[in-house]
Every structure is written in structure tokens, then in C-alpha cells.
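> What would the 3D arrangement of this be:
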Amino acid sequence: MSKSKILIADDHSMIRDGLKSLLTKDKELTVVGEATNGSEAISKYKILKPDLLILDISMPDINGMDVSQQIIADDPLAKIIILSMYDDEDYISKCMECGVKGYVIKNETSDELTYAVKTVLKGQTYFSSKVQEVIFKKYAHNVARKKQKEPEVKLTHREKEIVKLIAEGLTSQQIADKLFIGSRTVETHRANLMKKVNVKNAIELVNRVDKLGLINK
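Down below sits the predicted model:
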């Protein structure tokens, strides 16, 4: 069985040596190269074609996020795990946007890093527990903000009738005839409906009302 090839990129020799010692204990892994800066990481990735790159986020000359972006642009299937001292939301978000497969805080246990490597090699993603907590908090915050921005909208019985008929493709005059009201009244209801749900045309109106489940409220 062939071993998975790992490239290590970190500007501190002590960390590179520690990672190499840790990973080579696993019979399924082999370290094929090391890089001391961002440019070297990109160059060696192209030459060595590793199965996985362990990359320090704070690399000299080109930081880990930019290195990841360049490598993934050339190789969309690249498997990269970011090593970082930071559990800052901004760093984590930018790395995820770059397309990295893992993000591990440097002070985590050696067992966790090995597990992260194995997980990413299987085609999955891995984010250490502290990182997951940051991601969850951001998600919860975004959901809360969305709820605050989404005012409670309620439709009258007549408005519900009109939306249903618009969805059936009826014109304002046809709706007026069906409901025994004037076409101007229908147009007024239509304008009020679009203002209520913040849309600009009938198609958007029907889609928005359906998405918000307003007919059944």
C-alpha cells in the first residue's frame, strides 16, 4: 500500500521537525518535502505534487491564505490544512473562502493533527474544536441578524386571494372580474403586496410569498 505524501510549510525549523517526527510515526504517511516560506511552498507543491499540504498561516513573503489561493487556483482538488496560532473569525473565514480543507490551532494535541490529516486525506474537512466554535457563533449571529432584518409580514384575506390568482397567471382585469372588484383596486392591492414583501414584479412577488409561507399564515 502506497503512503500518502505530505508537504510541510512552516518558517520555524523546530515546528517542521516536530511535524515530520509526528507524521512519520504513522505507517500510512510520508513527508516528501519541507518549505520555509510561501514562495517555496508554491514551488515545491507544483514539483512534488503531495497528497496534502500542511501550511503555516504566517509564512514569510506570502502568507498562508494567499499561498492556498494560488495553489487551489491551479489545483482545485488540492488538500490543504492551515496551521495557525489564531482562532480569529476573520482568519478562519478567509481561509474557508480560499477553499482549504482544514484549519488546526497550533496548540492542539498531536493526536488531533494526525486525525485532521487522516480526515482530510479521506476527502473530508476538518476544523479543530475552537475553530468549529467560531464558525458556529458566526452562523448563529448571521441567523439572528437575518431574523432582525426580516420584518413580520402578514397578508389580509383579500391579499392572499389576489396572490393566488396572480400565481395562476391571471391579469388584473381577470382577477377583478373573478372577485367582483374594480381593476384599480386589484392594482392597488398588487402594489401594496410588492411593497410589503419588497419585490418589484409579479414573479418575484409569488416566489417571495411562497418562500415566506405567507399564504398559510
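> F127: neighbour count?
23 (other Cβ atoms under 10 Å). The way it works is simple: take the backbone N, C-alpha and C, and place the C-beta from them, glycine included.
> May I have the secondary structure class of the closest residue to it other than its chain neighbours?
In this structure, F127 finds its nearest non-sequential neighbour in Y103, 5.0 Å apart by Cβ to Cβ, 6 or more residues apart in numbering. Three-state call for Y103 (DSSP: H, G, I helix; E, B strand; the rest coil): strand.
> repeat for Y86
Per three-state DSSP, Y86 ends up coil.
> Go ahead and confirm it touches I57.
Yes - judged on Cβ atoms under 8 Å, Y86 makes contact with I57 at a distance of 6.9 Å.
> more crowded one of the two?
I57 (22 against 18).
> quick one on the thing from earlier: give the contact list for the residue nearest to F127.
I81, I82, S84, I92, C95, M96, Y126, F127, S128, V131 (Cβ atoms under 8 Å, 6 or more residues apart in numbering).
> residue contacts, the last one?
If I follow you right, that is V131. D87, I92, Y103, V104, I105.
> SS state for I166?
Assignment for I166 (three-state DSSP): helix.
> what about it, neighbour count?
Neighbours of I166 (other Cβ under 10 Å): 21.
> I'd assumed V206 was in contact with it.
Yes - assessed by Cβ under 8 Å, I166 is found in contact with V206 at 6.0 Å.
> how much space between the residue lying farthest from the centre of the chain and E161?
Going by Cα atoms, centre = their mean, the residue of the chain most distant from its centre is F180, 50.5 Å out. When distance is defined by Cβ to Cβ, to the nearest Å, F180 is 11 Å away from E161.
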